[in-house]
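Enquirer: this one's sequence-less:
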């Protein structure tokens, strides 16, 4: 099993920045592609970003490209999501998840999930 714990959420004004962290434990971190998803009230959970085990490839939701950056520190078993130029529509609970397969975008491809961290962007 993999345990994932997110941190770094909060309240920020539009145009501001936040960095989310997700600490993993329990299994070999480099066995997993790591992803970030988000879910706003009344909406389905959506893919935000993902990074391959050694960071060679990254993937983003179109609406966050150029504003968000996913990275990982395999020595610390941690994945990050740096979010710049935040917009009110980025408001959601953000989840990190681990994926032992090759797929990227669908939530059902991910095996383990964190508890989520709230990000609220005020206008």
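Expert: Looks like it arrived, so ask away. Owing to the predicted nature of the structure, the values given are computational and were not obtained by experimental measurement.
Enquirer: tell me how many other residues surround the closest residue to residue 45 other than its chain neighbours.
Expert: Closest residue to residue 45 apart from its sequence neighbours, by Cβ to Cβ, 6 or more residues apart in numbering: residue 39 at 4.3 Å. (C-beta placed from N, C-alpha, C; glycine too.) Using other Cβ atoms under 10 Å, residue 39 is surrounded by 15 other residues.
Enquirer: just grab the bridge partners of residue 39 for me.
Expert: residue 93 (DSSP bridges).
Enquirer: repeat for residue 13
Expert: residue 122.
Enquirer: can you get me a residue count around it?
Expert: With other Cβ under 10 Å as criterion, residue 13 counts 10.
Enquirer: make sure it is actually in contact with residue 121.
Expert: Yes: between residue 13 and residue 121 there is a contact at 7.3 Å, judged by Cβ atoms under 8 Å.
Enquirer: contacts only, for residue 9.
Expert: 18, 20, 94, 117-119 (Cβ atoms under 8 Å, 6 or more residues apart in numbering).
Enquirer: an error on my part: the question was meant for residue 105.
Expert: With Cβ under 8 Å, 6+ apart, residue 105 has these contacts: 47, 50, 59.
Enquirer: regarding it, what are the backbone dihedral angles?
Expert: With angles defined as degrees, to the nearest 10, residue 105 sits at phi -90, psi -30.
Enquirer: now the most centrally placed residue in the chain: how far from residue 19?
Expert: Closest to where the C-alpha atoms of the chain average out (Cα atoms, centre = their mean) is residue 36, at 2.2 Å. Applying Cβ to Cβ, to the nearest Å, the value for residue 36 to residue 19 is 12 Å.
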